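S.K.: Need a 3D model of the following:
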Amino acid sequence: MSTTSTIKIQVGLDDQKIPESIEWSATDNKEERMIKAKGMIVSFWDPAERAALRIDLWTKDMMVDEMADFFFQTMMTMADTYARATPYKDQAQELKDFAKDFFRKFQEKQKAEGQ
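M.R.: Got it, this is the predicted structure:
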């Protein structure tokens, strides 16, 4: 017998429809409450169209350093997923190297700007 899991996402919007809050929950999660987030990237693969469909949102109070860290961690996780899903470990490593370089450059910019 197969089981199902449900993921629920709630996005609170301001008057201009800019996200003020993002909360999520999943039936497989041990938390029995909505969990707050400042950003999200959700991708779905449409095999009929051979295209990625995505939702990427962030709240207006998400700081630039949080966004850079979010992207760095997301790219690292994507590389890990690619390494597990394909035989191309070299490309997974290239993505990790890119992510590290991306984050290093961000840190240099922040330092140069005195932040």
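S.K.: Excluding chain neighbours, what is closest to the most centrally placed residue in the chain?
M.R.: Nearest residue to the geometric centre of the chain (Cα atoms, centre = their mean): Ile41, 4.0 Å. Once flanking residues are discounted, Ile41 sits nearest to Asp56: 4.7 Å by Cβ to Cβ, 6 or more residues apart in numbering. Where C-beta positions appear, they are placed from N, C-alpha and C, glycine not excepted.
S.K.: quick one, phi/psi of that neighbour?
M.R.: phi -130, psi 120 (degrees, to the nearest 10).
S.K.: count of neighbours near it?
M.R.: Residues within reach of Asp56, counting by other Cβ atoms under 10 Å, total 10.
S.K.: So it is in contact with Pro19, correct?
M.R.: No: judged on Cβ atoms under 8 Å, Asp56 makes no contact with Pro19 at a distance of 10.6 Å.
S.K.: overlap in contacts of those two?
M.R.: Residues touching both Asp56 and Pro19 (Cβ atoms under 8 Å, 6 or more residues apart in numbering): none.
S.K.: which helices and strands does the longest helix anywhere in the chain pack with?
M.R.: Using DSSP state H to define each element, the chain has its longest helix at helix 89-112. If you count contacts as 3 or more Cβ pairs under 8 Å, 6 or more residues apart in numbering; DSSP states H and E, helix 89-112 packs onto helix 64-85.
S.K.: follow-up on the earlier one: who touches the residue nearest to the centre of the chain in this structure?
M.R.: Ile41 makes contact with Arg54, Ile55, Asp56, Thr74, according to Cβ under 8 Å, 6+ apart.
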